[in-house]
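Colleague: I need the structure of the sequence given here:
(chains A and B)
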Amino acid sequence: MSEPAAAAELRGIDKRFGAVRANRSISLRLARGSIHGLIGENGAGKSTVAQILYGYLLPDAGEIRVGGRQVHFRAPRDSIAAGIGMVHQHFMLVEPMTVLENLMLGCEAGPTLARGRAAALATLARLERKDGSSLDPEARVESLPVGSKQRVEILKALHRGAEILILDEPTAVLTPLETAALFRELRVLAADGKTILLVTHRLREVMEVTDAVTVLRQGEVVAERPTRETTPSELAALMIGRAPAPPARPPAHIGPPRLEVRELTVRDGEGVTRLDRASLTVHAGEIVAIAGVAGNGQSELIEALVGLTAPRGGSIRLDGTELVGLTAAERRRRGLGHIAEDRLRLGAIAGFSAAENALLGRQEEPQFAGGGLIRRTAAAAAVAAQMNAYDVRPAEPERRFALFSGGNQQKLVVARELERNPAVLVAGQPTRGVDVGAAELIHRRLLGLRGGGGAVLLVSADLEEIRLLADRILVLCGGRIAGELTPETADERRLGLLMAGAEAA
Amino acid sequence: MSGASPLLRWAEPVLVPLVNMAAALLLSGAVVLAAGADPIAAMRVLLQGSLGDPASLGYTLYYATNFIFTGLAVALPFHAGLFNIGGEGQAYIGGLLASLVCLFLGPALGWAAVPLAVLAAAAGGALWALGPAWLRVTRGSHVVITTIMFNFIASAVMTFLIVNLLIAPGQSAPESVPFVPTAWMPSLGALGPSPLNLSFPLALLLAAAAWVLLWRMRAGFALRAAGANPEAARAAGISVARATLLALMLGGALAGLVAVNELMGSQHRLLLEFPAGYGFMGIAVALMGRNHPLGIVVASVFFGALYQGGTELSFDLPQVTRDIVVVIEGLAILFCGALENLFRRRIAALLDRQARA
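Modeller: Just a heads-up that it's a prediction; the model follows:
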């Protein structure tokens, strides 16, 4: 078998940030027409590699070759000219503009927009013929579901002539269905001769869609494998430098009910019912999981429980106390903890230090405030202890929250909420965007809370996580509880059917 | 990426404003040269006229006092995510309440007139900020619009009151009768003949208090959290409405204290349009001081010196008119506020290289 031509190649790339060596003599070869996975834990240097290939960062040493020729990118515009496109984790789209207008951005081709418009329409038509899907060119981007927005990003890169596509954690924001659609599209593109670099930390996705995979650990390439010659457990071991050890769920010691939700109904601003008479109970020493396709009422359930939206009807009792009508602060005082689904929107303040974020929501606890003053040394000591217990790196309490990697941010938020030892913890996507090692740690802590008599309501898009942790699984579909399963009876098929609303159990 | 060593973290916030200020002065020199004057001589007059003798320094600090009040009046709401452009009107209404106390209660109150009038000035400013704050909390109205509109209302109300009711009898100038001397803010004119008064140490004290509030108190933490991420603040049990009311009313109270310096400390009567743009200058002061109380004090002294030295400049060098002085002020604001990041990156890179070497 002859070696296929390399579409792009990195050789001996070094990159340092101050004292941190983010990349150490990285070599990476992307075969033309292949899907190449780049995996590693948070902070292993994946994003740095991607940003160097995209020309966003300049390497300290090493060379980049595209199509066999050495190139020197000074900015993304050089890499775009060389046929490289990037789909960022946080989309770079102008939301109020239409799909077509977003495609045309930067390719207007003249003052009247007519030529740019025609070219963009042609691209759309050509690509749709290939993969058979369709996207309304006049739809406003803000009205599209996340999966379609991502498609617009891909189309944008292709419209600019990308032959090599870099996707940075593309599935982090997608539902399982959208992920499947993305992978279908990536395969079509690869078959068409495009080369794809898929940056991810999800092993299942690497196994499912890639042709080859490169594993990074602490800034170095530790292995490169054709995907069909490796296994998820081998990759996991390579990533974290040891065999993964998912925590075991000890038998439950179920106590009295701690969280009782009855007939909870939530309507949104337009009067649409988002949560329809949902009832559930979580007992002491129990983890109850909410499964479902994103957008079926999970977020509304969480926000009603923690006091961010007022329900239309129903009751929420915590250890017998009615919570409806109480403010978020009053609910927290009564022992409710909340790991926000989206840490940067609801869980933390990006511009504050880690220590100040450790105070957030705890600013009234006597431990942290007295006489109107904040006890800063107590907050700094608390966050230092949390950083130690959760292996947050770097362990600098005064470092700005935004400067921590996503996994470390999540650990800080989880640590803060668990530290309070809540009676009831509402955990929304507790391991979103964190690597295998950190997820294991968070899972162990959630089980620890359960073991200590806490009640955990786990809302997660990750079915493996749900099966690993939950004592009972409730499926939300269209704002209703569609059924209840145990981890033993919750096979992929039954869960899928309930989530799709096909079976009433 | 700098910030590894504490020395470097400290060097950047000091070096950057210095370089910016130098750039502003260099360009100002060019403007003075173009106007036909000697920039070196102009610089000497500016320095001499603002800091050279006790009287000049007194005037500089007297102007700086107003800037500290209005700068803080912008900065506190800014930390809560609110842009208070109503300092002008808040100062005006603060002046109304302070003057009412001085004029009508002053003679009876004796020594208590001053503290009471100071509180009245703060209360007036806070009251004038309550309107926009209330509209914000209950209706979501944008405070940039409402605070600006409240400036016009204050101006109209005050013109009516001063011209028709409070004007000194038998006089055509739109001014009240003088306050009784017991209602004057005690002068610090012993330093030299200037209107500098106790308001200046009061302003310094309140700047320190603002710092304590923002970074050491629970209310300040809530205020900053509400400004930085209102949704996360709400999820953490912080009342964004309360933070909004607190920030705007404290800002209004600080702006109201301009009346203490201007009316009780210097003019000793209520007069038309006394806020004279100090409220708006507060925006530039807060911008240049990066909304930090210490930065605001430094920026206030800088602008105070420019005000005072600029006046001397237009006296001493006829080519440098009052308008040229305004241009120089504008350049200072441009470089130190709006073009903040012009040199920042280069300086950071330089420091970084130094650190590694």
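Colleague: With chain A in mind, check whether stretch B:67-86 reaches it.
Modeller: No - contact of stretch B:67-86 with chain A (CB under 8 Å from any CB of the partner chain) is absent, the minimum separation being 10.8 Å. Every residue, glycine included, has its C-beta placed from N, CA and C.
Colleague: So which bits of that stretch are buried?
Modeller: Across stretch B:67-86, burial judged by 16 or more other CB atoms under 10 Å in any protein chain shown covers B:67-82, B:84-86.
Colleague: Could you tell me how far it lies from the centre of the chain?
Modeller: 9 Å (CA atoms, centre = their mean, to the nearest Å).
Colleague: quick check: mean pLDDT across it?
Modeller: The average pLDDT within stretch B:67-86 is 96.
Colleague: Stretch A:211-224: end-to-end distance?
Modeller: Stretch A:211-224 has an end-to-end distance of 11 Å (CA to CA, to the nearest Å).
Colleague: Tell me how many other residues surround residue B:331.
Modeller: Residues contacting residue B:331 under the criterion other CB atoms under 10 Å in any protein chain shown number 19.
Colleague: Confirm it sits in a helix?
Modeller: Yes - counting by DSSP: H, G, I helix; E, B strand; the rest coil, residue B:331 is found in a helix.
Colleague: What about the buried residues of stretch B:67-86, which are in strands?
Modeller: Judged by DSSP state E, strands contain none of those.
Colleague: Mark which of the residues you listed are part of helices, please.
Modeller: B:67-79 (DSSP state H).
Colleague: so what's residue 297 up against?
Modeller: This is for chain A. A:266, A:274-276, A:278, A:476, A:478-480 (CB atoms under 8 Å, 6 or more residues apart in numbering or on different chains).
Colleague: switch to chain B, that's the one I care about
Modeller: B:64, B:68, B:204, B:207, B:289.
Colleague: how about these in a markdown table, adding secondary structure?
Modeller: Shown next, in a markdown table, are the contacts of residue B:297 (three-state DSSP):
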| residue | secondary structure |
| --- | --- |
| B:64 | helix |
| B:68 | helix |
| B:204 | helix |
| B:207 | helix |
| B:289 | coil |
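Colleague: most surrounded residue in those residues?
Modeller: Most surrounded of the contacts of residue B:297: other CB under 10 Å gives residue B:68, at 34 neighbours.
Colleague: does it really touch residue B:204, like I thought?
Modeller: Yes - with contact defined as CB atoms under 8 Å, residue B:68 and residue B:204 form a contacting pair (7.3 Å).
Colleague: Which single residue of the stretch 151-300 of chain B approaches chain A most closely?
Modeller: residue B:237 (2.9 Å; CB to the nearest CB).
Colleague: Three-state assignment for that residue, please.
Modeller: coil.
Colleague: Could you work out the most separated pair of the contacts of residue A:297?
Modeller: A:266 and A:478 (12.8 Å; CB to CB).
Colleague: show me the contacts for residue A:306.
Modeller: A:328, A:331, A:336, A:338, A:426, B:235.
Colleague: 10 Å instead?
Modeller: A:316, A:323, A:328, A:331-332, A:336-338, A:340, A:346, A:426, A:428, B:234-235, B:237 (CB atoms under 10 Å, 6 or more residues apart in numbering or on different chains).
Colleague: tell me the SS of the closest residue to it other than its chain neighbours?
Modeller: In space, and not counting its chain neighbours, residue A:306 is closest to residue A:338: 4.5 Å by CB to CB, 6 or more residues apart in numbering or on different chains. Recorded secondary structure, residue A:338: strand (three-state DSSP).
Colleague: about what we covered before: residue A:389: which of the contacts of residue A:306 is nearest?
Modeller: Nearest member of those to residue A:389, counting by CB to CB, is residue A:337, at 16.3 Å.
Colleague: so the closest one makes contact with residue A:415?
Modeller: No - counting by CB atoms under 10 Å, residue A:337 does not reach residue A:415; the two are 11.5 Å apart.
Colleague: that older thread, looking at the contacts of residue A:306, which has the most residues close by?
Modeller: These, ranked by neighbours (other CB under 10 Å): first place residue A:338, 28 neighbours.
Colleague: so what's that residue bridging to?
Modeller: Assessed by DSSP bridges, residue A:338 has beta-bridge partners residue A:426.
Colleague: Likewise for residue A:195?
Modeller: residue A:164.
Colleague: how many neighbours does residue 110 have?
Modeller: In the absence of a named chain, chain A is used. Counted with other CB under 10 Å, residue A:110 comes out at 8.
Colleague: sorry, should have said chain B
Modeller: Neighbours of residue B:110 (other CB under 10 Å): 11.
Colleague: quick one: contacts for residue B:237?
Modeller: Residue B:237 touches A:306-307, A:327-333, A:336, A:338, A:360-364, B:222, counting by CB under 10 Å, 6+ apart.
Colleague: rerun that using 7 Å as the cut-off
Modeller: Contacts for residue B:237 (CB atoms under 7 Å, 6 or more residues apart in numbering or on different chains) come out as A:327-329, A:332, A:361.
Colleague: Output those of these also counted as contacts of chain B.
Modeller: A:327-329, A:332, A:361 (CB under 7 Å from any CB of the partner chain).
Colleague: Enumerate every residue touching the residue nearest to residue A:306.
Modeller: Residue A:338 touches A:306, A:417, A:426, B:235, counting by CB under 7 Å, 6+ apart.
Colleague: Quick check: the nearest residue to the last one once chain neighbours are set aside vs residue A:51, distance?
Modeller: In space, residue B:235 comes closest to residue A:346 once its chain neighbours are excluded; the distance is 4.4 Å by CB to CB, 6+ apart. Between residue A:346 and residue A:51 the distance, using CB to CB, to the nearest Å, works out to 28 Å.
Colleague: my guess is residue B:343 contacts residue B:16, does it?
Modeller: Yes - between residue B:343 and residue B:16 there is a contact under CB atoms under 7 Å: 6.4 Å.
Colleague: List the contacts of the helix or strand of chain A with the lowest mean pLDDT.
Modeller: When each helix and strand of chain A is scored by mean pLDDT, DSSP states H and E, helix A:492-499 comes last, with a mean of 80. Around helix A:492-499, the neighbours that count as contacts under CB under 7 Å, 6+ apart are A:291-293, A:463, A:475, A:477, A:482-483, A:485, A:503, A:505.
Colleague: mind running it again at 6 Å?
Modeller: Residues outside helix A:492-499 that contact it (CB atoms under 6 Å, 6 or more residues apart in numbering or on different chains) are A:292-293, A:475, A:482-483, A:503.
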